[in-house]
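Student: Provided below for reference: sequence and predicted model.
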Amino acid sequence: MAFFLRRPFAVQTALRQVPKSSNTARFIHNSPFKPAQSRPLDSVKSSSIFAKSRQTFQNAFRRTYMQPTYTAGSGNLTQRLLYGAAIVGGTVLATNFIFNRETREDGGMPAYERSYLNETFMHTGLGIGIIAIAARALHMSGWSYRLMAASPWAVIGLGLVGSIGTMYGTMYTSPDNYVLKYGLWAAFNVTQAALLSPLMFMSPAILARAGLYTVGMMGSIAFVGATAKQEKYLYLGGPLLAGVAIVALSGFAPLVLPATAARTLMWSEKIWLYGGLAVFGGFTLYDVQKVLHHARMAERGLVRRDVVNESISLELDFINIFIRMVQILGMQRNNRR
């Protein structure tokens, strides 16, 4: 159940918005589509389904009613780097000060827990790297266009089947079966890449900034979870599951609410974006503490040592936070125009 709710719904919501004559009016979040310009007869037809699909995906991130319009100076690269470093550093300090005033009293993290956590982070980074490389390769091969042109419900259904199948196949494969386990784990990452490849339509600058902010946010929260008292935040599992259910329902609000409920749709969008950031930030804290708890159990021989399974939860946290960062930055960029 938790996996269904922690799936990255943002791209799937965008895929649902393939223009159809009977459904276009439902999605008031999007700005009107730009009319296609006339071209010579010997050129590609302007009504190509791929061109419409690409324009649809870009419009999915143009939700301008939430932020006031303002004009910002361009600034130079050095200032932007300083601002980014200040944001990341300030986030680390503030998060540690607020949530982690009481640290471990057992003399620091034992060597076995440190090794287990480091290997989990290594596999998480490797998995995210596989997703990024595979998504780029699929996009360059034209997969994103074909994905956008396909039936949205078919994409969602097949995507969930592929993701759930490879995830549970990975989790229920013994660590001793090295080849099969890593093969299923790689298949899980490629499945995520196939679903996230349309994000490559966005500006590379936005994707890079979203990645930097996601790493900073998750890194600071992971530091808090790793240095806090043992099992201090494991109680968050139940409340976070309830929160992610609310976030997931808000993501589907445009499908069921009437087009006249503009205020309700606006608040559902805020819950989806900012509530989702809070919920998946909490999941990061919970998952890091869960990794350390499993490390202590594995050291006593109660469970098998399996860092691949631990990395899957952190990968899902990263994907959900990253998608919301992309949406927020895309909205801000559109508001500056």
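Tutor: Now that the structure is in, tell me what you want to look at.
Student: what ranges do the helices span in the chain?
Tutor: Using DSSP state H, the helices of the chain run over 2-5, 9-15, 49-59, 77-99, 111-140, 143-149, 152-171, 178-196, 204-227, 237-251, 253-256, 262-270, 276-299, 307-336.
Student: Can you report how many residues neighbour Ile328?
Tutor: A count of nearby residues for Ile328, using other C-beta atoms under 10 Å, gives 20. Backbone N, C-alpha and C define where each C-beta goes, glycine included.
Student: Just to check, it is in contact with Lys270?
Tutor: No - between Ile328 and Lys270 there is no contact under C-beta atoms under 8 Å: 10.8 Å.
Student: The residue nearest to Asp287 when sequence neighbours are not counted: neighbouring residues, count only.
Tutor: Nearest non-adjacent residue to Asp287, counting by C-beta to C-beta, 6 or more residues apart in numbering: Ser313, 4.6 Å away. Other residues within reach of Ser313 by the criterion other C-beta under 10 Å amount to 21.
Student: cool, and Asp287?
Tutor: What Asp287 shows, counting by other C-beta under 10 Å, is a neighbour count of 27.
Student: just for the stretch 1-150 of the chain, where's the confidence low?
Tutor: The stretch 1-150 of the chain contains residues with pLDDT under 70 at 1-108.
Student: again, only using 90
Tutor: 1-111, 142-150 (pLDDT under 90).
Student: Could you pull out the buried residues of stretch 249-261?
Tutor: In terms of neighbour count (16 or more other C-beta atoms under 10 Å), stretch 249-261 has its buried residues at 250-251, 253-254.
Student: Let me see the contact set for Leu292.
Tutor: Shown in contact with Leu292 (C-beta atoms under 8 Å, 6 or more residues apart in numbering): 109, 113, 116-117, 225-226, 230.
Student: same check, this time on Pro258
Tutor: Counting by C-beta under 8 Å, 6+ apart, Pro258 touches no other residue.
Student: That one and Gly129, how far apart?
Tutor: Counting by C-beta to C-beta, to the nearest Å, the separation of Pro258 from Gly129 is 43 Å.
Student: Equivalent analysis for Pro175, please.
Tutor: Between Pro175 and Gly129 the computed distance is 21 Å (C-beta to C-beta).
Student: hmm, who's touching stretch 126-142?
Tutor: By C-beta under 8 Å, 6+ apart, stretch 126-142 touches 144, 185-186, 189-190, 192-194, 196-201, 311-312, 315, 318-319.
Student: swap the cut-off to 10 Å and go again
Tutor: The contact list for stretch 126-142 (C-beta atoms under 10 Å, 6 or more residues apart in numbering) reads 50, 143-147, 185-186, 188-201, 207, 211, 214-215, 308, 311-312, 314-315, 318-319, 322.
Student: Okay, now the unreliable bits of the stretch 151-300 of the chain?
Tutor: By pLDDT under 90, the low-scoring segments of the stretch 151-300 of the chain are 151-160, 176, 178, 201-203, 224-239, 241-276.
Student: okay, now Ala298: neighbour count?
Tutor: Neighbour count for Ala298, taken as other C-beta under 10 Å: 17.
Student: Quote the end-to-end distance of stretch 186-205.
Tutor: 27 Å (C-alpha to C-alpha, to the nearest Å).
Student: residues of stretch 265-284 that come out buried?
Tutor: 265, 268-269, 271-273, 275-277, 279-284.
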